[in-house]
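Undergrad: 3D model of this:
(2 chains)
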Number of protein chains: 2
Amino acid sequence: MNGFVYDVPTKVYFGKGVVEQLGEELKKYGKKVLLTYGGGSVKNSGLYDKVIGQIKAAGLHCYELSGIAPNPRVESVREGAEMCKKYGIDVILAVGGGSTLDASKYMAAGAKVDFDPWKFLSERAPIAEALPVVTVLTLSATGSEMDGGGVITNLATHEKLGRMEDILRPKASFLDPTLTYSVSPYQTACGAADIMSHIMETYFAPEKDLYMLDATMEGLMRTVVKYAPAALKDPCDYEARANLMWASSWAINGFVTGGKRHAWSVHPMEHELSAFYDITHGLGLAILTPRWMRYCLDDKNVGKYYDFGVNVFGIDPSLSPAEAAERAINALSDFLFVKLGLKDSLSAIGIGAEHFDEMADKAVSHKQINGFKTLTAQDVRKIYEMSL
Amino acid sequence: MNGFVYDVPTKVYFGKGVVEQLGEELKKYGKKVLLTYGGGSVKNSGLYDKVIGQIKAAGLHCYELSGIAPNPRVESVREGAEMCKKYGIDVILAVGGGSTLDASKYMAAGAKVDFDPWKFLSERAPIAEALPVVTVLTLSATGSEMDGGGVITNLATHEKLGRMEDILRPKASFLDPTLTYSVSPYQTACGAADIMSHIMETYFAPEKDLYMLDATMEGLMRTVVKYAPAALKDPCDYEARANLMWASSWAINGFVTGGKRHAWSVHPMEHELSAFYDITHGLGLAILTPRWMRYCLDDKNVGKYYDFGVNVFGIDPSLSPAEAAERAINALSDFLFVKLGLKDSLSAIGIGAEHFDEMADKAVSHKQINGFKTLTAQDVRKIYEMSL
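TA: Next up, the predicted model:
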């Protein structure tokens, strides 16, 4: 069991109407705000007006950068970093889902350097400083609201790369579950798959860690399994939206990681999918995860599958580990593809085997996949094939 | 479901040998350190020498205040606050269990005012400022290492009072499970009872909150139920000590509280016990808790007892709620009085009914007990009687 440092200072305002406290929080960081967001949904929902009202009431100057796309592009990061330098921005206010938040973090770091911010990803250039980032979350999925991570896509190079740095954690995040009422069933389902994957990447690990963290992860996963279908059934179910939202933060803010040091597996495999085909991240994770589980199952690690099945999906504890493992994989598939209604294969979303070799090579090239099991490019290719 | 603000910035160094990073952390806060601790155990274990070594290697000046007693006395707080003012202390380093940590927090606040720090408790005088506090924990129990709380005893007035303020949260805490290897079986058991009580006071609440927080609390309670007996069996069981230590922090750092706003019940009842009889806090909690549960059980809240029994103690979910509730209370009693071996009644520790009226009046006088159920002085007296 390894030691670790727990350091998650992000302040979170959670609940209905918390955006009313946004102005007070922003004032702490200075006078000039760069407001970042994606498309029109923030305007259509009325959130944009509320945010602008808060900024004005606090007496702050507001600059805007909109159009941040899903799988956020490095071009947005470059533009935001330049704006920060040009206007002397004091704080970045990211309003949206993980894409807007992720892009904003690298703008915050890019504001402090004189080189292309893509180098933070491609060359892991040091991030010594960053502007403060405050977020207003509109989608429960990536956990970017409380972690130091961000994933950026460079379509020109077919690359989707991420990293985690404590300095990139938002200073404060505003989590109002009612802001996710308007999230579509499809995006709600993809978000749930993303949250599940974040937890599973840590839960299924070669290293044993604290039982209390496993128990917490099981509780978080039960939460997603219970409330994602409820949110699909009634998009305005506060309890469901609130549980998904707070679970998304805790899935990946570092708490459940404890002292585990292994690399993730399904995320790097998926990043190649969405880098090549620009699909929704959570959908790619959903398709790959059950196949990855099946590929990795062996006599040595079957006990973890058993725990997962019994403690997350309520599978009969009197079953043999092998049988429980089988049912656990099936229960996960049923959750993702039946209860959440996500497409269940790559072919179902129009992806064929044509780039598998290149994607598999790239998936293991940025960083070795030494997760639950160490995966070679050949292993990754097989998991892609199982997912067809 | 209420909203809430989550704001727990304490940095935690967790694992074997983390004290080796103490000097680097302390240097961030200035030059002059007030080292606070209790009795000789810190010296006997060699921890004192390690800490002094870190302080010296970091080039800091060290002042010392030892002799902080269990159920820490206001006299220690006054002395510490005076020392901080006299020597211009920059940071307080509390080495020990909850008593040393609690006392140090009020020293940190007392250093910034010119009145008697007892007024922070007796009159709830405002705490606008406090010196930074860093802790090295040697006992898993109170959670003081990550929360803003502290309980101080004034034997002259028979008062034991506490409060919670974010400004009193330690800046950093060093949690090395091996430092608790030398904790006696009795203190280990009392600590486990304290952790359980912190969670139960929140879990058994009239307000419904996020399912994910209930699931987390159940996981934390299972952790204590699993590992406290293991730590009694083998005091040097790292896994057991590590789980108890990290669970103690998360039981009370605010995370599991979410938006619940009710007052606690068993703690104020117990504070009168230890204020009058100077018993160990965790022992008093252990004796009172099962009686409080039995006293509060009714048709409306029986479902919560059922969940507690099934999800914490593994009681057969097919039982009726009433039967499961009965077995849950018995399972808790069995855990506290058989598995942990704690004395099971007030009379067994020499406490009679002679002060019950006065204690019951005081228990409800500082703050109304509107917890799981609202309790009058008469209710409290009855629970004391049931505990005889």
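Undergrad: For the rest of this, base every contact and every neighbour count on C-alpha atoms.
TA: Fine.
Undergrad: Check the secondary structure at residue A:342 for me.
TA: Classification of residue A:342 using DSSP: H, G, I helix; E, B strand; the rest coil returns coil.
Undergrad: is it true that it touches residue A:336?
TA: Yes. With contact defined as CA atoms under 8 Å, residue A:342 and residue A:336 form a contacting pair (6.0 Å).
Undergrad: In terms of neighbours, single out the busier of the two.
TA: A direct count of neighbours by other CA atoms under 10 Å in any protein chain shown for residue A:342 and residue A:336 places residue A:336 higher, at 27 against 23.
Undergrad: That one reaches residue A:288, doesn't it?
TA: No. With contact defined as CA under 8 Å, residue A:336 does not count as touching residue A:288 (10.9 Å).
Undergrad: pLDDT on stretch A:217-228, on average?
TA: Summarised as a single mean, pLDDT over stretch A:217-228 is 98.
Undergrad: nope, stretch A:238-255 is what I meant
TA: Averaging pLDDT along stretch A:238-255 yields 98.
Undergrad: quick check, it touching chain B?
TA: Yes. Applying CA under 8 Å from any CA of the partner chain, one finds stretch A:238-255 touching chain B at A:239, A:242-243, A:247.
Undergrad: wait, is residue A:325 part of a helix?
TA: Yes. Under three-state DSSP, residue A:325 sits within a helix.
Undergrad: and it, what is it in contact with?
TA: For residue A:325, the contact set (CA atoms under 8 Å, 6 or more residues apart in numbering or on different chains) comprises A:302-303, A:305-306, A:309.
Undergrad: Now with 7 Å, please.
TA: Applying CA atoms under 7 Å, 6 or more residues apart in numbering or on different chains, we find residue A:325 in contact with A:302, A:305-306, A:309.
Undergrad: what number of residues lie near residue A:354?
TA: Neighbours around residue A:354, by other CA under 10 Å: 8.
Undergrad: for chain A, what spans make up the strands?
TA: With DSSP state E as the criterion, chain A has strands at A:4-6, A:11-14, A:32-36, A:61-65, A:91-96, A:133-137, A:149-154, A:159-164, A:172-175, A:369-370, A:374-375.
Undergrad: Now the third one - C-alpha only, PDB.
TA: What that stands for is strand A:32-36. Provided in PDB are the C-alpha atoms of strand A:32-36 (Å, rounded to 0.1, in the frame of the first residue of the first chain):
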ATOM      1  CA  LYS A  32     -11.000  41.200 -15.400                       C
ATOM      2  CA  VAL A  33     -12.900  38.000 -16.200                       C
ATOM      3  CA  LEU A  34     -12.600  35.900 -19.300                       C
ATOM      4  CA  LEU A  35     -15.900  34.100 -19.700                       C
ATOM      5  CA  THR A  36     -15.600  30.900 -21.800                       C
END
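Undergrad: hmm, back to that, TSV please, covering the contacts of residue A:325 and showing pLDDT, distance to chain B and neighbour count.
TA: Output for those, formatted as TSV (pLDDT from 0 to 100; distance: CA to the nearest CA, whole Å; neighbours: other CA atoms under 10 Å in any protein chain shown):
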residue	pLDDT	distance to chain B	neighbour count
A:302	97	22	19
A:305	98	18	25
A:306	98	17	25
A:309	98	16	26
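Undergrad: Same list (those) but as CSV, adding distance to residue B:347.
TA: Formatted as CSV, the contacts of residue A:325 follow (distance: CA to CA, whole Å):
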residue, distance to residue B:347
A:302, 50
A:305, 49
A:306, 46
A:309, 47
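Undergrad: Inside helices: which ones of those residues?
TA: Of the positions in the contacts of residue A:325, A:302, A:305-306, A:309 sit in helices, assigned by DSSP state H.
Undergrad: Quickly check those residues for the two that are furthest apart.
TA: Taking CA to CA as the measure, the ones in helices among the contacts of residue A:325 span a maximum distance of 10.6 Å, between A:302 and A:309.
Undergrad: got the contact list for residue A:39?
TA: By CA under 7 Å, 6+ apart, the contact list for residue A:39 reads A:66-67.
Undergrad: cool, and residue A:78?
TA: Taking CA under 7 Å, 6+ apart, one finds A:107, A:117 in contact with residue A:78.
Undergrad: try 10 Å this time
TA: Contacts for residue A:78 were tallied using CA atoms under 10 Å, 6 or more residues apart in numbering or on different chains; they are A:103, A:106-107, A:110-111, A:115-118.
Undergrad: Quick one: buried ones out of the residues you listed?
TA: By neighbour count, with 16 or more other CA atoms under 10 Å in any protein chain shown, these hold A:103, A:106-107, A:110-111, A:117-118 as buried.
Undergrad: and which of those residues is nearest to chain B?
TA: Nearest to chain B, judged by CA to the nearest CA, of the buried ones among the contacts of residue A:78 is residue A:106 at 22.8 Å.
Undergrad: Spatially central, which residue of chain A would that be?
TA: For chain A, the residue sitting closest to the mean C-alpha position, by CA atoms, centre = their mean, is residue A:142 at 2.1 Å.
Undergrad: quick one, what contacts the residue nearest to that one when sequence neighbours are not counted?
TA: Closest residue in space to residue A:142, ignoring its immediate chain neighbours: residue A:98 at 5.3 Å, by CA to CA, 6 or more residues apart in numbering or on different chains. Going by CA under 10 Å, 6+ apart, residue A:98 touches A:70-72, A:104, A:135, A:137-145, A:149-151, A:191.
Undergrad: Pull up the gap between residue A:98 and chain B, please.
TA: According to CA to the nearest CA, to the nearest Å, residue A:98 and chain B sit 20 Å apart.
Undergrad: Look up how far residue A:40 lies from that residue.
TA: 16 Å (CA to CA, to the nearest Å).
Undergrad: Counting neighbours, what do you get for residue A:86?
TA: Using other CA under 10 Å, residue A:86 has 10 other residues around it.
Undergrad: wait, doesn't it sit right on residue A:112?
TA: No. Between residue A:86 and residue A:112 there is no contact, the gap being 11.6 Å when judged by CA atoms under 10 Å.
Undergrad: Now for residue A:342 and residue A:336: what residues contact both?
TA: Residues touching both residue A:342 and residue A:336 by CA under 10 Å, 6+ apart: A:189-190, A:193, A:283, A:286-287.
Undergrad: out of those, who's nearest residue B:293?
TA: Using CA to CA, residue A:193 comes nearest to residue B:293 of these, at 39.1 Å.
Undergrad: which residues touch that closest one?
TA: Neighbour list for residue A:193: A:141-142, A:187, A:224-225, A:228, A:281-287, A:289, A:335-336, A:340, A:342 [criterion: CA under 10 Å, 6+ apart].
Undergrad: next one: residue A:197
TA: Counting by CA under 10 Å, 6+ apart, residue A:197 makes contact with A:141-142, A:191, A:203, A:221, A:251-252, A:264-267, A:282, A:285-286, A:288-289.
Undergrad: ok, now with 7 Å
TA: Contact partners of residue A:197, counting by CA under 7 Å, 6+ apart, are residue A:285.
Undergrad: do the same with residue A:291
TA: Residue A:291 touches A:383, A:386-387, counting by CA under 7 Å, 6+ apart.
Undergrad: ok, which stretches of the stretch 101-250 of chain A are helices?
TA: Secondary structure of the stretch 101-250 of chain A (DSSP state H, counting those that start in this stretch): helices at A:118-122, A:185-203, A:211-233, A:238-250.
Undergrad: The longest one to helix B:211-233, inter-axis angle?
TA: Spelled out, it's helix A:211-233. Between the axes of helix A:211-233 and helix B:211-233, defined by axes from the mean of the first three to the mean of the last three CA atoms, to 10 degrees, the angle is 170 degrees.
Undergrad: Can you give me the buried ones in helix A:211-233?
TA: Burial within helix A:211-233, assessed by neighbour count using 16+ other CA under 10 Å, is assigned to A:211-232.
Undergrad: Which residues of the stretch 151-300 of chain A lie near chain B?
TA: Within the stretch 151-300 of chain A, the positions near chain B by CA under 7 Å from any CA of the partner chain are A:210-212, A:215-216, A:219-220, A:223, A:243.
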